[in-house]
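Novice: Below are the sequence and a predicted model for it; my questions follow.
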Number of protein chains: 2
Amino acid sequence: MTLSNVSIDGGRLLADLYKLRGFGTYKTGVHRPTYTKVDMESRHWIAEQMRAAGLEAEIDGIGNVYGRSPGDGPRVLLGSHSETQPHAGWLDGALGVMYGLEVARAVGRGVDVVSWADEEGHYAAFPGSRSYIGQFSDADIDAARNRYDGTPMREALQAAGLAGLARRQFEPGRYRCYIEAHIEQGDDLEARALKIGVVTSIVAIWQYRISFTGVQNHAGTTRMAIRRDAGLAAAKLAVAIDELFPKICAERSVWTVGRIALDPGAPSIIPGGAEMLFQFRDVDMAVLERMEGELKRLVAEANAGPCEVVLHTMGRAIPKLMDPDLQAALARSATRHAPNLWQSMPSGAGHDAQYLAQVMPSAMLFVPSIGGISHHWSENTDDADIVLGCQVLASAVADILGS
Amino acid sequence: MTLSNVSIDGGRLLADLYKLRGFGTYKTGVHRPTYTKVDMESRHWIAEQMRAAGLEAEIDGIGNVYGRSPGDGPRVLLGSHSETQPHAGWLDGALGVMYGLEVARAVGRGVDVVSWADEEGHYAAFPGSRSYIGQFSDADIDAARNRYDGTPMREALQAAGLAGLARRQFEPGRYRCYIEAHIEQGDDLEARALKIGVVTSIVAIWQYRISFTGVQNHAGTTRMAIRRDAGLAAAKLAVAIDELFPKICAERSVWTVGRIALDPGAPSIIPGGAEMLFQFRDVDMAVLERMEGELKRLVAEANAGPCEVVLHTMGRAIPKLMDPDLQAALARSATRHAPNLWQSMPSGAGHDAQYLAQVMPSAMLFVPSIGGISHHWSENTDDADIVLGCQVLASAVADILGS
């Protein structure tokens, strides 16, 4: 196997991606939350495609779909995830899994493929890849609940037919590396008219749940002066964050209030409770620490008002650098297949690769997102860009396996 | 019948209120939304109690429970509503219906009793009393949907067994007046250690739905500078209202953001849409007009930002004065049974009486709310105050019927 003679089948790749979109189609996107019926059907379908490609495939006790190549010799692990955010895009995650499958078929040996469970965090932060590297315990499973409806993860695994199955563990020495392909999910490649991004590092996401407790009361008979309105307290904190963070953040820092829920949420009732989901991201630990410090200060200020405001930390990850040698291999392949149409860039999104990087050399490859849109059903990438990205990955893998 | 010899049975009244609390008990309160199974069971139970009290009772095509007294002579109509806000109190509405029943039993003639459907507005604003006075058409029913889950009102009426039933209409000449008793739902009586409120006027509620449309996108990969965050736009408007309205309102004006919902409401997705339910109340049309003008100005300012912001008017009621002669009759009775323990006061909440006032002389009587709490399961009133209020109403009704 040499670098020059690996060629993927673009039509076959696109046909498989279209088929996968059929599981939970929503408009031109997909609604396929983790462990739902349609998500499990898609996992079984992926396992079948792995078997048809000559891999030994299984779904493990956390829902990871894992396809192992037979025989000896050097190996790489390729993959991503296949469940989606609610009413979201057809490529996010699915692209990297189907790239893995197509590269396994094209290269013919030494390529294992995986679809990590629940990268989108319906139940926990990256439980699939963390389970694989030994950082998601049975107690973690017991504690995890669906963040939208509160269903216990144990119950969901049982309903999905996964209860009692072993959870596959990392095998030291089996792989040269892990590579994850993904849509960019931003507009940087498109804005520069580039086709390939070689990822340098993955931002860390720090996530919080903020609860507000006031007093529920009648919206007509309760004087303004004595109100303890939890919804207003939540809105004020969101605005205070928005005003302060631009002054203390770094150039590529981002922060988001993704959810505000008022209790009970009726027009004639002063909200007695509110909950906010808040997160921020950066590649620099010092910046992350500074943002958290300011958040704590704003929460303390809010707590001095009429409502009780409590900050619950949900996750504090560490930014992850991608392996330099793998970046170089991807860059060589990109230079060959997309000369002057690629760049190095950080990943603003978290990915399973940040966990795999703890146990083996890891890297990521990006393809453009049309309009920078993702986590929405209208997310898309040009077919030609999808095919090109897979070819770049395949040649890089052949390079790594042959070296 | 003279003013002096009407005496209600306090134990019987309290026992009936306790029984009614059994339909949908939630902690010490009640969860009994309009047209749910438990709401319909309670309506049938109320109709049975009316029949036991000698009234001809029926549930009409909008869900009003209507009990008519036989025979001739002067008549009054007493009542309120029996469904509840979500997870709310046991007395709000139920008190006025059970007062009507007890007064009908105590006075023995000329007292009709009603429980108006959906005063709490699960499907529409006061559809029960508006249907009765001819201001809620079949087209209004067709257009109405449950404000929490979107269920069409037609579908709910069908499921409740009410489809095809006639809707009872106001009969000109049948009544001298309508009187509605209710808990105060504020803390004014309690703060002044008073037991009875004679209502002078009912505030008007002006209600709005405000929609925010931005662009849904990934919370990690979308730069802050290009975001169009609908959730942030909603929070900013809520805070802007809170800062401006104290400067332009009247002494007893109130305003409330009861609901903020972000779409899709997930931690890693920038909200592409948001919706806010907003209302304000006052007894003065000029003040109401001024508040709406300022609201429109703030919405226009918000709309000049990154998101489209649209104000949808849901309701603009007119403040309603209560009948002076009825106020005087209630005041005479209060002076007799609770000397120096009553006051005249406006109602900060909307009530069916504001619609009945359009077709006949109408009045309202308040009893204290412990801690001013209502629209919450912990809402309560001392048993002694409940009994006293009913006695004041009964004597006033005897006075009106005998005059």
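Specialist: Alright, I've got the coordinates.

Novice: Strands of the stretch 251-400 of chain A, residue ranges please.
Specialist: Remark: strands assigned in the stretch 251-400 of chain A by DSSP state E, counting those that start in this stretch are A:254-263, A:269-270, A:273-282, A:308-316, A:320-321, A:342-347, A:362-367.

Novice: export those strands to JSON lines and tack on mean pLDDT, distance to chain B and mean neighbour count?
Specialist: Any C-beta I mention is one placed from the backbone N, CA and C, and that applies to glycine too. Putting those into JSON lines (pLDDT from 0 to 100; distance: least, CB to the nearest CB, whole Å; neighbours: other CB atoms under 10 Å in any protein chain shown) gives the following:
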{"stretch": "strand A:254-263", "mean pLDDT": "97", "distance to chain B": "4", "mean neighbour count": "24"}
{"stretch": "strand A:269-270", "mean pLDDT": "94", "distance to chain B": "5", "mean neighbour count": "28"}
{"stretch": "strand A:273-282", "mean pLDDT": "97", "distance to chain B": "4", "mean neighbour count": "23"}
{"stretch": "strand A:308-316", "mean pLDDT": "95", "distance to chain B": "8", "mean neighbour count": "15"}
{"stretch": "strand A:320-321", "mean pLDDT": "94", "distance to chain B": "14", "mean neighbour count": "18"}
{"stretch": "strand A:342-347", "mean pLDDT": "95", "distance to chain B": "8", "mean neighbour count": "20"}
{"stretch": "strand A:362-367", "mean pLDDT": "98", "distance to chain B": "10", "mean neighbour count": "27"}
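
Novice: what bits of chain A have low per-residue confidence?
Specialist: For chain A, the stretches with pLDDT under 70 are A:1-4, A:403.

Novice: How is it divided into domains?
Specialist: Structural domains annotated on chain A: A:3-203+A:320-402, A:204-316, as defined by automatic domain parsing.

Novice: could I get these as JSON lines with distance to residue B:131?
Specialist: Converted to JSON lines, these look like this (distance: least, CB to CB, whole Å):
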{"stretch": "domain A:3-203+A:320-402", "distance to residue B:131": "36"}
{"stretch": "domain A:204-316", "distance to residue B:131": "20"}
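
Novice: Between those, which one is closest to residue B:31.
Specialist: Among the domains of chain A, the nearest to residue B:31 by CB to CB is domain A:204-316 (10.2 Å).

Novice: How far away from the center of its chain is the closest one?
Specialist: Relative to the mean C-alpha coordinate of its chain, domain A:204-316 is positioned 24 Å out (CA atoms, centre = their mean, to the nearest Å).

Novice: in the helix or strand hosting residue A:237, what counts as buried?
Specialist: Residue A:237 is part of helix A:230-248, with elements assigned from DSSP states H and E. Buried residues in helix A:230-248, counted by 16 or more other CB atoms under 10 Å in any protein chain shown: A:230-242, A:245.

Novice: Ok, stretch A:162-179 next?
Specialist: Neighbour counts over stretch A:162-179 (16+ other CB under 10 Å) mark A:162, A:167-168, A:170, A:175-179 as buried.

Novice: All good on my end, thank you.
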